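>>> When you get a sec, could you give me coordinates for this:
(one chain, ligands or ions: 1)
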Amino acid sequence: MKRIVALLIVCFMVNLSVTAATTTTTAGYTVQSTKLYGRALQTSPVLKTLPTNTPVQYAVYNRSWSNVYIGSTRYFTPSTNLKAGIPKLSSTERLRLVNKQYGLSKTYRSSQLVPLTIPTVYQKGSERTLMAAEAAHALARLYYDGRKQGHTLYALSAYRSYSTQQSIYTYWVNTRGTTYASLYVARPGHSEHQTGLAVDMTSQRMQMGLAASFDQTPEGKWMLANAHQYGFIVRYPKGKEAITGYNYEPWHLRYVGVNEATTMRQQNWTFEEWWAKR
Ligand SMILES: [Zn+2]
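So this is what the prediction gives:
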C-alpha cells in the first residue's frame, strides 16, 4: 500500500512539472515579491517581478539561486524568495460563496488547478479531474485515510468551466424542464464546481453514479462523518434545502478548510448560514 501511495505522489509531481518537461521542477510559491533575473547574479537585469504568493514551478539551481519557469522560459531568483510546497488559497478564494445569488464571471478559473491524484471516473486529462491544489491535496488525504479503513471512494466531477456548466444546464432544461433543472443543476456561473473547490464523490457500490442513497453505503457514511477533518463540508445537506436552494446531495463536497468545516459541522450550519453568522 505504501508503495502505491509513493508511486501516486511521484506521478503527481510529474503532472505538476509539465510546463518544464526537461527539468524536475517543484510546485511552490513566492513567499515575498520576487525579482526574476536573466542570470544568477544580483547585478543582472530584472526581467520580471512576481507578487508575493504567486504559484510557480521551480528547480534549485545552486546553493542560493533557483530557476523559476514561466511557461517554457527559465529565470533566476534567490532561493530565499521561494518556498517549496503546495500553493495556499487566499482566504477570499477558499471561502468564496457561490450559490443561486452569488456567481462567478464567465472567465473565472482558479490559477491553482492541478490534476487529482486519486481515482477518478472521468479520464485524467478531462477538466473534471482538476481541482485547486490545496483542495486536491486535502482530498487525497481523505481518500487514503478512507481506503485504509476499507472505504474506496472515487471522484466523479471536480472542476467544471463556465462553458461546460452551460451545456449541462441547457441539456437538463431541454430534457426535464426548468423546474427540475433549477433544483439539481446550477446555472452557468453559479456552479460551485467552477471554483475548483467542489467535487462529487461516488463509489463502485453506487455504480459510479450520484444518488441520495450514497449516505446509506459504508463509503458514504464514512465520508459524511469524516469530511470536515480534511476541510470539506457536505454543501447541500438534508433538511436545509430552503437555505441552499438545492436538493440533498450527500455526494457533493466543498473545500473550505479544516477550521471552517469543523465549525459548520459542530453548529450544523450550511455555508450560507456560516456566512450570515461569521
Ligand atoms: Zn456537485
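
>>> what are the ranges of the strands in the stretch 1-150 of the chain?
Ranges of strands within the stretch 1-150 of the chain are 26-30, 34-37, 46-50, 55-60, 65-70, 73-78, 82-84, 113-115, 130-132, based on DSSP state E, counting those that start in this stretch.

>>> correct me, but residue 127 touches residue 165?
No - using C-beta atoms under 8 Å as the test, residue 127 is too far from residue 165 to be in contact (10.9 Å). Every C-beta, even on glycine, is put in place using the N, C-alpha and C of the backbone.

>>> In terms of neighbours, single out the busier of these two.
When residue 127 and residue 165 are compared for neighbours, residue 165 comes out ahead with 20 against 17, by other C-beta atoms under 10 Å.

>>> For the ion, see how far away that one is.
Residue 165 sits at a distance of 11 Å from the ion (criterion: C-beta to the ion, to the nearest Å).

>>> Over to residue 106?
For residue 106, the distance to the ion - C-beta to the ion - is 20 Å.

>>> So that residue sits against residue 189, correct?
Yes - between residue 106 and residue 189 there is a contact under C-beta under 8 Å: 6.5 Å.

>>> still on that earlier bit, could you dump the strands of the stretch 1-150 of the chain to JSON lines with mean pLDDT?
As requested, those are arranged in JSON lines below (pLDDT from 0 to 100):
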{"stretch": "strand 26-30", "mean pLDDT": "75"}
{"stretch": "strand 34-37", "mean pLDDT": "95"}
{"stretch": "strand 46-50", "mean pLDDT": "94"}
{"stretch": "strand 55-60", "mean pLDDT": "83"}
{"stretch": "strand 65-70", "mean pLDDT": "92"}
{"stretch": "strand 73-78", "mean pLDDT": "94"}
{"stretch": "strand 82-84", "mean pLDDT": "76"}
{"stretch": "strand 113-115", "mean pLDDT": "83"}
{"stretch": "strand 130-132", "mean pLDDT": "94"}
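
>>> now the helices: where do they sit in the stretch 151-278 of the chain?
162-176, 178-184, 218-226, 241-244, 258-267, 271-277 (DSSP state H, counting those that start in this stretch).

>>> Based on its surroundings, how many neighbours for the residue in the chain that the ion sits nearest to?
As assessed by C-beta to the ion, the ion sits closest to residue 252 within the chain, at 3.7 Å. By other C-beta under 10 Å, 22 other residues sit near residue 252.

>>> on that earlier part again, determine which stretch of the strands of the stretch 1-150 of the chain is the most buried.
Ranked by mean neighbour count, those are led by strand 130-132 with a mean of 26 (mean count of other C-beta atoms under 10 Å).

>>> Which neighbours in the sheet does it have, and how are they oriented?
According to DSSP bridges, strand 130-132 forms sheet pairs with strand 113-115 (antiparallel).

>>> near the ion, which residues of the stretch 51-200 of the chain show up?
Neighbours of the ion within the stretch 51-200 of the chain, by C-beta under 5 Å from the ion: residue 200.

>>> So, low pLDDT: which residues of the stretch 51-200 of the chain?
Counting by pLDDT under 70, the stretch 51-200 of the chain contains low-confidence ranges at 53.

>>> And the nearest residue to residue 250 once chain neighbours are set aside, how close does it get to residue 246?
Nearest-residue entry for residue 250: residue 215, 4.1 Å, with adjacent residues in sequence omitted and distances by C-beta to C-beta, 6 or more residues apart in numbering. Per C-beta to C-beta, to the nearest Å, residue 215 is found 15 Å from residue 246.
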